[in-house]
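Colleague: I would like the atomic coordinates for the input below:
(2 chains)
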Amino acid sequence: MMKISLTVDGDKVSDDVEPRMLLVHYLREKLGKTGTVVGCDTSNCGACTVHLNGQSVKSCNVLAVQADGGEVTTIEGLAQNGELHPVQAAFHECHALQCGYCTPGMIMQTVDLLNTNPNPTEQEIREGIEGNLCRCTGYHNIVRAVQTAAGQETNA
Amino acid sequence: MTVVEDKPATEIGRDRRRKEDQRLITGRTRWTDNITLQGMLHMAMVRSPYAHAKITSIDTSAAKAALNVVDVLTGADLGESQGVLINAWAITPDQLTPTHLPMPIDRVAFAGEIVAVVIARSAAEARDAAELVDVDYEELPAALELKDAAADRVLAHPDLGSNKSALWVFDSAEAGSGGDVDEAIATARADGIVIEREYRQQRLIPAFMEPRSVVVDPTGEQNTMWSATQVPHIVRYALAATTGVPESKIRVIAPDVGGGFGGKLQVTPEEWLTWAIARRLGRPVKYTETRSESLICAHHGRDQWQKLTLAATKDGTVTGLKVDLLADLGAYVSLVGGGVPVLGAFMFNGIYKFGSYRFSCQTVLTNKAWTDAYRGAGRPEATFGIERMMDELAAELGVDPLEVREKNWITHEEFPFATVAGLEYDSGNYEAATAKAKKNFGYDDLRAEQRRRRESGDPVQLGIGVSTFTEMCGLAPSRVLGSLNYGAGGWEHASVRMLATGKVEIVTGATASGQGHETAFSQIVADRLGVPFEDVEVLHGDTQIAAKGMDTYGSRSLVVGGEALVKALDKVIEKARPVAAHLMEANVDDIEFSAGRFGVRGTDQGLAIQEIAGAVFAAHNLPDGMEPSLDSDATYDPIAFNFPHGTHLCAVEVDTETGQISMRKYTCVDDIGTVVNPMIVEGQVHGGLAQGIAQALFEEAVYDDAGTLVSASFVDYLVPTAADLISFDVDHTTTPSLTNTLGTKGVGEAGTIASTPAVVNAVVDALRPFGVHDVTMPCTPERVWRALQGGQGDDLTTGAAAAHFHPADTADRSEGAGR
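Modeller: Residues are numbered from 1 along each chain as shown, chains lettered A, B, ... in the order given. Just a heads-up that it's a prediction; the model follows:
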């Protein structure tokens, strides 16, 4: 067991964890942060994407001990004071989700993408989210949502 | 007095943003794997590495001794207490159906079948201990390749004596729906055109994003199962029917479900074992599969060989079609898998009016994962067959593919139309959809560009693909299902409760897995009752709340479930009418209902339906004998299928030096009758297109020669990424269905059904000048390149070699977030 201390969605937390415990399992099982989900076992699908120290990571690809001392934001910490984050609002507005299972990871990845590239082209958007699989939307409306969140004009 | 806000005259046709989204975009969703109960145990499975083997011994002692392990159980330990998995569709009375225990006792029939279960305090401890279970196998020869299996060279189940499960035949001459196809072919051979082709429908994996998960709580009077399933009602029925526990003691809940596409239309061994073991231990138990387990063991789709013979006159008028299918069922006959290819029988004639038709399907058992419904279920395979053949006919005639279709399709004046496959198409307008699609696509300009590229010898060629399709959905009139030996009905149930405050609660038996039922059904209620959209609550997916239902598959939710809801809403209005008359001291015959208000004809007197609801709740002043309730329910059995259609056009660029294909443009015009929520409908089309395009270009479940699934992760099973696809150009025409009140037709499967042939037709169209007339799916760069070297792009003799790679290096696929 190793002791870790970190900040998750603004709350300071501290726990003893097995060295092998993945960050996603720590979030889900120890903290009850079930907004972040697991979709695969090969880090291909991106459903578990969260922010670690301001950058998106696949939390199935990070050990909980690696997050020690860090700051984690999950989908549950994205809305502030009951106000949706603009990316969340854009996903709703553009119907960029159906079953919603990939959505938390997709939104977290989009927030990071727009932080690093506030005005991406369609191709840059497609490449920026290609580590996150969606089976429902064909990505059409997700791309529009990213454009909308970036303040770009979209045409249907 | 209740104040009723002004609302638009109609909710139907509005782009209402989805009610479901709030919880999904904020991470406050209830997935099955999120459920944690006091004292809950976790299961891990030990699965067979062999496709076919005798289990000679299982040593569980080391696993049982491991830290925090509660028990380790084998098939022999559970015996008959584990129940047996049911097959609901014997397509012929003599169908060979192997007995399917959730955990076999002495022989495994596919790689991935469960041989032992470890139950521990945590999922990680259960998985660790599963590694310690020592199983001895004696490997048996496996039936793997479909054609070999059909020849009974090796038996998937030696005790059955054959791999041939059922032979199902439809002949238009015998059915009286058309002529003799052999005659049509003979005539065409003498003086016409005969085209013969063989197509492979590769094995696909539905690959819903949420892995399957099940939690069983056996404490209390009623046993509760949460499951990531499309079919909680069917799961409850099957549990009751096979384990002897009455339905009233079983509650099945499908909470938020992360996609299905037919892949969660099943009663699974994992559900059965969790149920049996939780009850045996008397404690809550959870099992959540890994992605690799999901790819190996959740059911697969498609997997057919199609042999097609099309007869036509010299001027291109089709006179007949003969279809011979081999369909791979896998190791067991799944819930409805035996009947899936038969659904295609009714659709191989597509939108065309040729006069003779014969369909035969041989279903075959192999030592691979079982197959069942995957988005479209039988209809994508049929549409692919006929739409590829129409392109081959056009090539033979040297005319535009649309010209051949126009020559043969049913014109809009000819509806209703009795088809050669024995169905009646109620409505359709193929001319209108095609004209709109051609215009939106810029068909003539792209054909001109194609000519320029051909003439200039451009190494990157342009291909244009056409797919004009129809499908049958709204599964299905129960009497039709009965005639096909299906084990259940096709009805749906809805109930409506007017609450004291004037709000409305409705319950539907159609369980959602991302389709937006809560929104679309709210729109129907708001429109019919004249109440605000926001005042409607839609409940579903819990057998205790939605006591009756047939769940969701086959694009039936809106056309069957929606119609049941309309009938229940109308009953509420009729119950409220005499109350309104009584309160306004008017004659019932003078009461009119419109936009949420009961008015007295010829006066300005009126009461809102919410006010009636309040009065009924108080029950102070009701007509004599009036039941103080504005609740109702209705069960609707569809009178007929309905037939959405559309025209899909696709342009691809094919690099003739590398075989690389890139999507250039995709345009579709679908006609699904009246649209309740255009935004949701377009979203369904987008997702369907991606899945159909994926069959054409990317996805294939590949087994090696030993029967191991080698595409058992998202590294190898290529669900397309955003970078693989383009934005789609989606539009619609509206020809209302005549078979339901709303005039709607199903849409969930349309995109998938139409897009696969559109894309392959485009690829082949690009390559025709090089003498290529087919590329086996998925049309990978390697297969395209091989086809250009003189083959048909066919490397099917080496199954393992088909482990194709993505245009973009697979390593790129884990980038994006993983820094």
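
Colleague: surely residue B:120 meets residue B:129?
Modeller: Yes: assessed by Cβ atoms under 8 Å, residue B:120 is found in contact with residue B:129 at 5.9 Å. For glycine as for every other residue, the C-beta is placed from the backbone atoms N, C-alpha and C.

Colleague: between the two, what contacts are shared?
Modeller: By Cβ atoms under 8 Å, 6 or more residues apart in numbering or on different chains, residue B:120 and residue B:129 have these common neighbours: B:44, B:66, B:69.

Colleague: how about low-confidence regions in the chain?
Modeller: Chain wasn't specified; assuming chain A. Within chain A, the ranges that satisfy pLDDT under 70 run A:155-156.

Colleague: um, chain B though
Modeller: Counting by pLDDT under 70, chain B shows low-confidence ranges at B:1-9, B:791-819.

Colleague: for it, which helix extends over the most residues?
Modeller: Of all segments of type helix in chain B, defined using DSSP state H, the longest is helix B:562-583.

Colleague: residue A:89: what secondary structure?
Modeller: Under DSSP: H, G, I helix; E, B strand; the rest coil, residue A:89 falls in the helix class.

Colleague: who does the helix or strand hosting residue B:607 pair up with?
Modeller: Residue B:607 is located in strand B:606-608, with elements delineated by DSSP states H and E. Strand B:606-608 pairs in its sheet with strand B:597-600 (antiparallel), by DSSP bridges.

Colleague: list the contacts of the residue nearest to the spatial centre of chain B.
Modeller: The residue lying closest to the centre of chain B (Cα atoms, centre = their mean) is residue B:375, at 3.0 Å. By Cβ under 8 Å, 6+ apart, the contact set of residue B:375 is B:206, B:261-262, B:301, B:688, B:691, B:748-749, B:752.

Colleague: if I look at the residue located most distally from the centre of chain B, how far off is residue B:607?
Modeller: Most distant from the centre of chain B: residue B:585, at 52.4 Å, with distances by Cα atoms, centre = their mean. Computed as Cβ to Cβ, to the nearest Å, the residue B:585 to residue B:607 distance reads 12 Å.

Colleague: kindly report the same for residue B:116.
Modeller: To residue B:607, residue B:116 is 66 Å away according to Cβ to Cβ.

Colleague: got it, and residue B:15?
Modeller: On the measure of Cβ to Cβ, residue B:15 and residue B:607 end up 31 Å apart.

Colleague: so which of those two has more stuff around it?
Modeller: Neighbours were counted for residue B:15 and for residue B:607 using other Cβ atoms under 10 Å in any protein chain shown; residue B:607 has more, 22 against 12.

Colleague: which residue does the stretch 1-150 of chain B bring closest to chain A?
Modeller: residue B:27 (2.0 Å; Cβ to the nearest Cβ).

Colleague: hmm, residue A:34 and that residue touching each other?
Modeller: Yes: between residue B:27 and residue A:34 there is a contact under Cβ under 8 Å: 7.4 Å.

Colleague: the strands in chain A, which residues?
Modeller: With DSSP state E as the criterion, chain A has strands at A:2-8, A:11-17, A:49-52, A:55-58, A:71-73.

Colleague: now residue B:674. Nearest residue, chain neighbours left out?
Modeller: For residue B:674, ignoring the flanking residues on the chain, the nearest one in space by Cβ to Cβ, 6 or more residues apart in numbering or on different chains is residue B:743 at 3.8 Å.

Colleague: ok, now which ones touch that neighbour?
Modeller: For residue B:743, the contact set (Cβ under 8 Å, 6+ apart) comprises B:673-674, B:736-737.

Colleague: circling back: would you tell me which of the strands of chain A gets closest to residue B:422?
Modeller: With Cβ to Cβ as the criterion, residue B:422 lies closest to strand A:49-52 of those, at 50.4 Å.

Colleague: in chain A, which residue is most central in space?
Modeller: residue A:108 (2.8 Å).

Colleague: number of nearby residues for the nearest residue to that residue once chain neighbours are set aside?
Modeller: Nearest residue to residue A:108, sequence neighbours excluded (Cβ to Cβ, 6+ apart): residue A:49, at 4.5 Å. Neighbour count of residue A:49, defined by other Cβ under 10 Å: 32.

Colleague: contacts only, for residue A:49.
Modeller: A:36, A:56-59, A:104-106, A:108-109, A:131-132, B:817.

Colleague: who does it bridge with?
Modeller: Beta-bridge partners for residue A:49, by DSSP bridges, are residue A:58.

Colleague: next SSE downstream of whichever strand or helix holds residue B:342?
Modeller: Per DSSP H and E, residue B:342 falls inside helix B:340-345. Following helix B:340-345 in sequence order, the next helix or strand is strand B:356-365 (DSSP H and E).

Colleague: what are the boundaries of the helices in the stretch 501-650 of chain B?
Modeller: Along the stretch 501-650 of chain B, counting by DSSP state H, counting those that start in this stretch, helices occupy B:517-529, B:562-583, B:609-618.

Colleague: next, the angle helix B:517-529 makes with the second one.
Modeller: If I follow you right, that is helix B:562-583. Between the axis of helix B:562-583 and that of helix B:517-529 there is an angle of 40 degrees, by axes from the mean of the first three to the mean of the last three Cα atoms, to 10 degrees.

Colleague: do the same with the last one
Modeller: In this structure, helix B:609-618 runs at an angle of 90 degrees to helix B:517-529, with the same axes, to 10 degrees as the basis.

Colleague: who does the lengthiest helix in chain A touch, helix- and strand-wise?
Modeller: If you go by DSSP H, chain A has its longest helix at helix A:103-116. The contact analysis (3 or more Cβ pairs under 8 Å, 6 or more residues apart in numbering or on different chains; DSSP states H and E) places helix A:103-116 against strand A:49-52, strand A:55-58, helix A:86-93, helix A:122-128, helix A:140-149, helix B:21-26.

Colleague: now tell me what touches the last one from outside.
Modeller: Yep, that's helix B:21-26 we're talking about. Defining contact as Cβ under 8 Å, 6+ apart, one finds that helix B:21-26 is touched by A:35, A:75-76, A:78-79, A:84, A:88, A:91-92, A:97, A:100, A:103-104, A:107, B:28-30, B:256.
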